[in-house]
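Trainee: need a structure here:
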Amino acid sequence: MTANGWLQIAIFLALVLAVTKPLGIFMACVFSREHTFLDLVLRPVERLLYRLTGVDEDHEMRWTEYAFAMLLFSVVSMVVLYVQQRVQGFLPLNPQKLGAVPPDLAFNTAASFTTNTNWQAYVPETTMSYLTQMAGLAYHNFASAAVGIALAIAFIRGIARREKDTIGNFWVDLVRCSLWVLLPACLLGALLLVWQGVPQNLKPYDTVKLVEPQQVSAPGPDGKVVNQIVTDQVIAQGPVASQEIIKEWGTNGGGFFNANSAHPFENPTPLSNFIEMFCIFAISAGLTYTLGRMTASPKHGWAVWAAMAILFLAGVSTAYWAEARGNPLLAGVDQHASALQAGGNMEGKEVRFGIANSVLFATATTDASCGAVNGMHDSFTPLGGLVPLVNIMLGEVIFGGVGAGLYGILIFVILSVFIAGLMVGRTPEYLGKKIEAYDVKMAMLAILIFPLTILILVGISSIYGFGTSSIANPGPHGLSEILYAFTSGTGNNGSAFAGLNANTHWYNTTIGLSTLIGRFFIIIPMLAIAGNLARKKYVPPSLGTFPVTTPLFTVLLTGVIIIVGALTFFPALSLGPILEHLLMGAGKAF
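Mentor: From the prediction side, this is the model:
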């Protein structure tokens, strides 16, 4: 660990803090339909869209109607993406003449991108055409992010409104989020990335001569391995910058290249790396202030932000320590940082980013439901890899995905307030609303469906050949690879340990299903809570009311998030990364 590394982490969090209030105010104005500086340009576009689609922007929806509209939009979008992949060989903008995506992989990808997961069981540059990348995957990067933010705003309205049956209009929230929050920032961000060297073109791939020919081993026509001399290399390119920026700004994570943000065309410089990390947290941080402003309780928004920041710092500090100390199995190897070497465990990391920026990226991308990576989590030390895994297991509520992080942590807020009420022996209250049995049941349903899905699928995959045959490592690390895959899919993260071949019928199908369960089986109970809260009367605070604006509330909320995650997943973690760490300390490896 170095002072420079800690300084970069501190600057990152400081900039996230700095953007929280202005961006939060802007989003509150957008969704409250107050005046913003973009109205002059975007309001006519918005009206035109409503005329073309027949949307009544003044119509308010009950939570059931809101949920139906969201599900309808998601189903249609998913089907369109599936069909587009299956017929991409007949569509234009395919200079590499890439054929149809296999059915199971197309299903997995369609489910993944619809749910903001962006799990990729394929090599993008050799599988997806430019049209599929732009009109399919990049479109879903915008759409799924807008859906998540719209749902968070609907939850906030449910908390803020009194004795009303409605929580807004899904179509209006979707349009305003896309036009005001996502598009302008992505236009600017894409230009910044192009300035840093990220490609943005529609040219066919280039073939270049290698400076030094390479000998590689490959299976021959008879199945036997033969050595070949390779003299040429194909350089993939395309409309990268436009997809890269929404990948981070919308916490999607799906890369244009297989190496994701470790690829120099996606992330060429330390500055582009910092921009991408900042984009991952920006909207989610701003939504905490939007929560405080729309509920007339700014201090509550900051209390939620503080809980997220505490958990973030705990995670990045642990990962930084674990990676900077190196690997004790490499006895006799100098792993200390110096002017000539980065030190620590540099396996799977880019030299241009180093350990500090690698662990910061890994922590941020799994705190949020982003899934983009600038290093391979599979190559982290056991405790270093434990941090990204635990971040997802906690529900990705540490700032979290755009929208999803906020409504995810608000479910934990409901549970925390309920526990506080039990401790003082009175009906719990949250911002003037009594929390009753129905609210707690829906909150627990949303919380329990997540580990239930993960642990069942991991258990099945760990004992049958169709699951274990895909892992690259035996022993506890192999279990970690399977556990990470289903945790990432169900948590709608999309990052991978990189040691698992997930492009099989079993993993394509089950991870695809887990992404749908992890998205929609949590959204429905959440909207039910929002609709129920909106109908309730306002109850003035009394001496027995537990305040949700104090440091004590932040501590309680942090504790509940950790305890729920630890009690649920600790046995599985004990058999995976924790056991691997103990074996590594004892000088053993599988």
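Trainee: alpha carbons only for contacts and neighbour counts from here, please
Mentor: OK.
Trainee: next, the buried residues of stretch 293-302.
Mentor: Arg293, Met294, Thr295, Ser297, Pro298, Lys299, His300, Gly301, Trp302 (16 or more other CA atoms under 10 Å).
Trainee: surely Asn267 and Phe256 touch.
Mentor: No: Asn267 lies out of contact with Phe256 (CA atoms under 8 Å); the separation is 11.0 Å.
Trainee: what about the helix or strand where Phe418 lies, distance to the chain center?
Mentor: Per DSSP states H and E, Phe418 falls inside helix 404-424. Its chain's average C-alpha position is 22 Å from that of helix 404-424, according to CA atoms, centre = their mean, to the nearest Å.
Trainee: do the same with stretch 417-426
Mentor: That offset, for stretch 417-426, works out to 32 Å (CA atoms, centre = their mean).
Trainee: need the mean per-residue confidence for stretch 362-377.
Mentor: For stretch 362-377, the mean pLDDT works out to 91.
Trainee: tally of neighbours for the closest residue to Leu527 other than its chain neighbours?
Mentor: Spatial nearest neighbour of Leu527, excluding adjacent residues (CA to CA, 6 or more residues apart in numbering): Trp63 at 5.9 Å. Residues lying near Trp63 (other CA atoms under 10 Å) number 27.
Trainee: in which helix or strand does the residue of the chain positioned farthest from its centre reside?
Mentor: Seen from the C-alpha centroid of the chain, the residue lying at the greatest distance (CA atoms, centre = their mean) is Asp222, 43.5 Å away. Here Asp222 sits in a region with no helix or strand, counting by DSSP H and E.
Trainee: quick one: contacts for the residue nearest to Leu527?
Mentor: Asp165, Thr166, Ile167, Leu527, Ala528, Ala530, Gly531 (CA atoms under 8 Å, 6 or more residues apart in numbering).
Trainee: I'd guessed Ala485 sits against Phe497; true?
Mentor: Yes: assessed by CA under 8 Å, Ala485 is found in contact with Phe497 at 7.2 Å.
Trainee: picking that back up, looking at Asn267 and Phe256, which is more packed in?
Mentor: Neighbours per residue, other CA under 10 Å: of Asn267 and Phe256, the larger number sits with Phe256, 29 against 23.
Trainee: the more buried one - that's part of a strand, no?
Mentor: No: counting by DSSP: H, G, I helix; E, B strand; the rest coil, Phe256 is not found in a strand; it is coil.
Trainee: so it makes contact with Val240?
Mentor: Yes: applying CA under 8 Å, one finds Phe256 in contact with Val240, separated by 6.2 Å.
Trainee: quickly list what's touching both of these two.
Mentor: With contacts taken as CA under 8 Å, 6+ apart, the residues that reach both Phe256 and Val240 are Glu266.
Trainee: pipe the buried residues of stretch 293-302 into JSON lines and attach secondary structure, pLDDT and distance to Gly408 per row.
Mentor: Shown next, in JSON lines, are the buried residues of stretch 293-302 (DSSP: H, G, I helix; E, B strand; the rest coil; pLDDT from 0 to 100; distance: CA to CA, whole Å):
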{"residue": "Arg293", "secondary structure": "helix", "pLDDT": "95", "distance to Gly408": "19"}
{"residue": "Met294", "secondary structure": "helix", "pLDDT": "95", "distance to Gly408": "18"}
{"residue": "Thr295", "secondary structure": "coil", "pLDDT": "93", "distance to Gly408": "17"}
{"residue": "Ser297", "secondary structure": "coil", "pLDDT": "93", "distance to Gly408": "19"}
{"residue": "Pro298", "secondary structure": "helix", "pLDDT": "94", "distance to Gly408": "19"}
{"residue": "Lys299", "secondary structure": "helix", "pLDDT": "95", "distance to Gly408": "19"}
{"residue": "His300", "secondary structure": "helix", "pLDDT": "95", "distance to Gly408": "16"}
{"residue": "Gly301", "secondary structure": "helix", "pLDDT": "95", "distance to Gly408": "14"}
{"residue": "Trp302", "secondary structure": "helix", "pLDDT": "96", "distance to Gly408": "16"}
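Trainee: mind giving me the packing neighbours of the host helix or strand of Leu313?
Mentor: Here Leu313, judged by DSSP H and E, is contained in helix 298-324. Packed against helix 298-324 by the contact rule (3 or more CA pairs under 8 Å, 6 or more residues apart in numbering; DSSP states H and E) you find helix 270-294, helix 354-367, helix 382-393, helix 551-573.
Trainee: what about 6 Å?
Mentor: Judged by 3 or more CA pairs under 6 Å, 6 or more residues apart in numbering; DSSP states H and E, the packing partners of helix 298-324 are helix 270-294, helix 382-393, helix 551-573.
Trainee: stretch 476-483 - what's its average pLDDT?
Mentor: pLDDT averaged over stretch 476-483 gives 91.
Trainee: mind listing residues that contact that stretch?
Mentor: Val458, Ile471, Phe497, Gly576, Glu580 (CA atoms under 6 Å, 6 or more residues apart in numbering).
Trainee: ok and the helix holding Leu313 relative to helix 270-294, angle-wise?
Mentor: 150 degrees (axes from the mean of the first three to the mean of the last three CA atoms, to 10 degrees).
Trainee: what residues sit buried inside helix 298-324?
Mentor: Per 16+ other CA under 10 Å, helix 298-324 contains these buried residues: 298-309, 311-313, 315-324.
Trainee: residue ranges with poor pLDDT in the chain?
Mentor: 339-340, 590 (pLDDT under 70).
Trainee: can I get the strand ranked longest in the chain in CSV, CA atoms only?
Mentor: Counting residues, the longest strand found in the chain (DSSP state E) is strand 206-219. Only the C-alpha atoms of strand 206-219 are listed here, as CSV (Å, rounded to 0.1, in the frame of the first residue of the first chain):
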residue,chain,number,x,y,z
ASP,A,206,-7.8,-4.5,-39.3
THR,A,207,-5.3,-7.2,-39.9
VAL,A,208,-1.7,-6.3,-39.1
LYS,A,209,1.7,-8.1,-39.3
LEU,A,210,3.2,-9.0,-36.0
VAL,A,211,6.6,-7.5,-35.3
GLU,A,212,7.7,-10.9,-33.9
PRO,A,213,5.9,-14.0,-35.2
GLN,A,214,4.5,-16.2,-32.4
GLN,A,215,4.3,-20.0,-32.1
VAL,A,216,0.9,-21.2,-30.8
SER,A,217,-0.6,-24.7,-30.2
ALA,A,218,-4.0,-25.5,-31.7
PRO,A,219,-6.0,-28.6,-32.4
